[in-house]
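In: Dropping the sequence and predicted coords here.
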Amino acid sequence: MSNKLSTLSNLSQRIIVGVLGAAVFIGSILIGEWTYFLLFLGLTLLGIAEFYRLVQVQSIMPHRGAGLVLGAVFYTSMFLVEKELMEPELLFLSVPLVFSVFILEMYRKHPHPFTNIAFNLMGAAYIAGPFGLLHTLAFIEGDYSWQPILGLMLLIWASDTGAYIAGKNFGKNKLFERISPGKTWEGWIGGTLLAIVVGYVLALFFTDLQTYQWIGVAIIVAVFGVLGDLTESLLKRSLGVKDSGTLLPGHGGILDRFDSLLMAIPFVVAFLKIF
């Protein structure tokens, strides 16, 4: 499949992978809590592994196994707590796992051990942290509900689509040229407006959240989604790479595709918990 995709143009690859990816996402979220769980567990592990592979270009050597275990334990524990299959106190088991990274590094002969430790923990926190918090949205009504998860994904896609269309047709003023020369203020405004419109439409059909909550989530996605994109661009620029990976033909890697979502999730969770 990947060999056939490689012979197509970049736009064709993006369209095919985007359609197939959307079908997998929507299907996994709609089918039930366990398919949703497995979908994002896979993304968590792939994202952490991709992050560690990415930073190795600077001779940084995170302990991949420890980071993957730490991320998987936190992600799974948050799911089990939200599903009320595990006591919240057991989340404290994640703390010894964090410090096990320090212990493991003592048995490795590397000239910069604390650089390895820092990136080890950052990779797990950057990916597994937001995806673990996503369970708070999935169980915001007590039982599993696909509406907040699917709605959030639709708002991310709406914001990206609006930004692309507005930026391509009207973009003149650079948003953050030093980090991402292609992004413009006009694109961001277009993405924000489309996200708000989609948020209002979602409120008519996805009734787990009220209208003001969907509008609030849409604004958060528009603001912090683009900041997530810029953060990942900053990471790639600092490492001197173009894409975070090649897993998704036409889209780059896991971090390229989900950078907006990773940054938006914590702010969306905080907003909905407070309001």
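Out: That came through, no problem. Residues are numbered from 1 along each chain as shown.

In: Pro96 - how many residues pack around it?
Out: 9 (other CB atoms under 10 Å). Placement of C-beta: from N, CA and C, glycine included.

In: Hmm, I typed the wrong one, I wanted Trp146.
Out: 18.

In: try the one 10 residues further on
Out: For Ile156, the tally of surrounding residues (other CB under 10 Å) stands at 21.

In: That one is in what secondary structure piece?
Out: If you go by DSSP states H and E, Ile156 is part of helix 146-170.

In: helices or strands next to that helix in the packing?
Out: Judged by 3 or more CB pairs under 8 Å, 6 or more residues apart in numbering; DSSP states H and E, helix 146-170 is in contact with helix 10-31, helix 113-138, strand 180-184, helix 185-205, helix 211-239, helix 254-274.

In: May I see the buried residues of the second one?
Out: This means helix 113-138. Along helix 113-138, these residues count as buried under the neighbour rule (16 or more other CB atoms under 10 Å): 115-117, 119-121, 123-138.

In: if we can go back for a sec, for the helix holding Ile156, what is the distance to the chain centroid?
Out: In terms of CA atoms, centre = their mean, to the nearest Å, the centre of helix 146-170 is found 14 Å from the chain centre.

In: Tell me the helix or strand right after that helix.
Out: Going down the chain from helix 146-170, the next helix or strand is strand 174-176, by DSSP H and E.

In: re the thing from before, so the helix holding Ile156 versus helix 211-239, what angle?
Out: Using axes from the mean of the first three to the mean of the last three CA atoms, to 10 degrees, the inter-axis angle of helix 146-170 relative to helix 211-239 is 60 degrees.

In: buried ones in helix 146-170?
Out: For helix 146-170, by 16+ other CB under 10 Å, it's 146-160, 162-163, 166-167.

In: Just the buried positions in the host helix or strand of Tyr75, please.
Out: Taking DSSP H and E as the definition, Tyr75 sits inside helix 64-82. Residues 64, 66-82 are the ones in helix 64-82 that count as buried (16+ other CB under 10 Å).

In: residues in contact with stretch 86-95?
Out: Leu70, Val73, Phe74, Ser77, Met78, Leu80, Val81 (CB atoms under 8 Å, 6 or more residues apart in numbering).

In: Mind pulling the model confidence for the residue lying closest to Thr184 once chain neighbours are set aside?
Out: Among residues not flanking Thr184 along the chain, Gly171 sits closest, at 3.4 Å (CB to CB, 6 or more residues apart in numbering). Gly171 carries a pLDDT value of 92.

In: Might one say that Gly171 is in contact with Trp188?
Out: No. Applying CB atoms under 8 Å as the test, Gly171 and Trp188 come out as separate, 9.4 Å apart.

In: Give me the neighbour count for Phe271.
Out: 14.

In: what does Gly253 give?
Out: Gly253: 23 neighbours (other CB under 10 Å).

In: can I assume it is in contact with Ala49?
Out: No. With contact defined as CB under 8 Å, Gly253 does not count as touching Ala49 (10.1 Å).

In: which regions of this structure sit below the pLDDT cut-off?
Out: The model of the chain has pLDDT under 70 over residues 1-14, 245-251.

In: how about stretch 19-26: buried residues?
Out: For stretch 19-26, the neighbour count (16+ other CB under 10 Å) marks Phe25 as buried.

In: do stretch 28-43 as well
Out: Ser28, Ile29, Glu33, Tyr36, Phe37, Leu39, Phe40, Leu41, Leu43.
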